[in-house]
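**Q** Give the three-dimensional model of this entry:
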Amino acid sequence: MFATITGYALWDEDNPYGNNQRTSLIVLNHIICDFDKLLFDPSCLRVEKIKMAGWTYMAACGLDPGRRDSNLSLSRQTYSEHVLVVLARFATKMMRVLVRHTVGQD
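**A** Residues are numbered from 1 along each chain as shown. Down below sits the predicted model:
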């Protein structure tokens, strides 16, 4: 999954955080950290962050089926959902994070 923050640039004079590049990077860092925290949510454990490139967050699900969904897993039922459902849930949670940042402007 590629999730890109659009309509926002380091030099944007109309951004709600001011037009300071440092401020923009701080805001981006807060958003990335909040996205990373979602990876520890039990419903998103199968999602793996690939990398962050510019304003794009890259994540995937189901790359290594044996990593977190082994046949020996005691909580096998937790991981039985299809990878697309898990990734869609993660994307929804990411959108909620962005709404919080937009409304709260933190």
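**Q** all contacts plus neighbour counts: C-alpha atoms, from now on.
**A** Fine.
**Q** Helices of the protein, residue ranges please.
**A** Using DSSP state H, the helices found in the chain span residues 21-38, 65-68, 83-104.
**Q** can you list these in TSV and add mean pLDDT?
**A** Formatted as TSV, the helices of the chain follow (pLDDT from 0 to 100):
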stretch	mean pLDDT
helix 21-38	88
helix 65-68	56
helix 83-104	90
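**Q** I'd like those helices laid out as a markdown table, including distance to Met1 and mean neighbour count.
**A** Output for those, formatted as a markdown table (distance: least, Cα to Cα, whole Å; neighbours: other Cα atoms under 10 Å):
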| stretch | distance to Met1 | mean neighbour count |
| --- | --- | --- |
| helix 21-38 | 13 | 15 |
| helix 65-68 | 17 | 12 |
| helix 83-104 | 8 | 15 |
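**Q** of all the ones you listed, which lies closest to Ala59?
**A** Closest of the helices of the chain to Ala59 is helix 83-104, at 8.5 Å (criterion: Cα to Cα).
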